[in-house]
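K.L.:
Predicted structure and sequence below. I'll ask about it afterward.
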Amino acid sequence: QVHVEEFGGRSVQAGTSLKLSCQFTGRDFILYSAWFRQAPGEAREFVAAISWDGVNTFYADSAKGRFLISRDTVKDTITLQMYMLRPADTAVYYCATGRSGPYDSPSVYDYWGQGTQVHVSS
């Protein structure tokens, strides 16, 4: 079992940066960890993923060039550094980790956090 907890969501101005963190507690075989987001009335969408060893990273088109995902294997955390935030980035951001792929499908992730709210004002 793995407990997942996100940190760092808050209200920010468009054009600024924000870093989200996710702490994993517990042990299981993990293939990918990822960030998803969900805006009101919208489906949960993939943002970024990282392999278990931190070597491989993957991004949604909306995140490429603006967001950076990283993993600290010692602290058992992942972070999502977000730059040049836009009002369209407003959503609840969820951290997830799981034993299988594909990395961009929420249905394959076994463990989820409660989410952290990010609001970007124009």
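P.N.:
Good, I have the coordinates.

K.L.:
contacts and neighbour counts: CA atoms only from here.
P.N.:
Will do.

K.L.:
Quick check: mean pLDDT of stretch 56-69?
P.N.:
Stretch 56-69 shows a mean pLDDT of 97.

K.L.:
Give me the buried stretch members for that stretch, please.
P.N.:
Neighbour-count burial for stretch 56-69 flags T57, F58, Y59, A63, F67, L68, I69 (criterion: 16 or more other CA atoms under 10 Å).

K.L.:
Out of the residues you listed, list just those in strands.
P.N.:
When DSSP state E is applied, those are split such that T57, F58, Y59, F67, L68, I69 fall in strands.

K.L.:
gap between the fourth one and L18?
P.N.:
Think F67. 10 Å (CA to CA, to the nearest Å).

K.L.:
what's the overlap in contacts for those two?
P.N.:
Contact with both F67 and L18 is made by residues Q81, M82, Y83, according to CA atoms under 8 Å, 6 or more residues apart in numbering.

K.L.:
any idea what sits nearest the second one, other than its immediate chain neighbours?
P.N.:
What sits nearest to M82 in space, not counting adjacent residues and going by CA to CA, 6 or more residues apart in numbering, is F67, at 4.4 Å.

K.L.:
want to try CSV for the shared contacts of F67 and L18, with distance to V108 and pLDDT as columns?
P.N.:
Formatted as CSV, the shared contacts of F67 and L18 follow (distance: CA to CA, whole Å; pLDDT from 0 to 100):
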residue, distance to V108, pLDDT
Q81, 24, 98
M82, 24, 98
Y83, 28, 98
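
K.L.:
Just the buried residues out of those, in PyMOL syntax.
P.N.:
Here is the PyMOL command that selects the buried residues among the shared contacts of F67 and L18 (16+ other CA under 10 Å):
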select buried, resi 82+83
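
K.L.:
Pull the distance from stretch 50-61 to the chain's centre.
P.N.:
Between the centre of stretch 50-61 and the centre of its chain there are 11 Å (CA atoms, centre = their mean, to the nearest Å).

K.L.:
Surely W35 and Y93 touch.
P.N.:
Yes: counting by CA atoms under 8 Å, W35 sits close enough to Y93 to count as a contact (6.7 Å).
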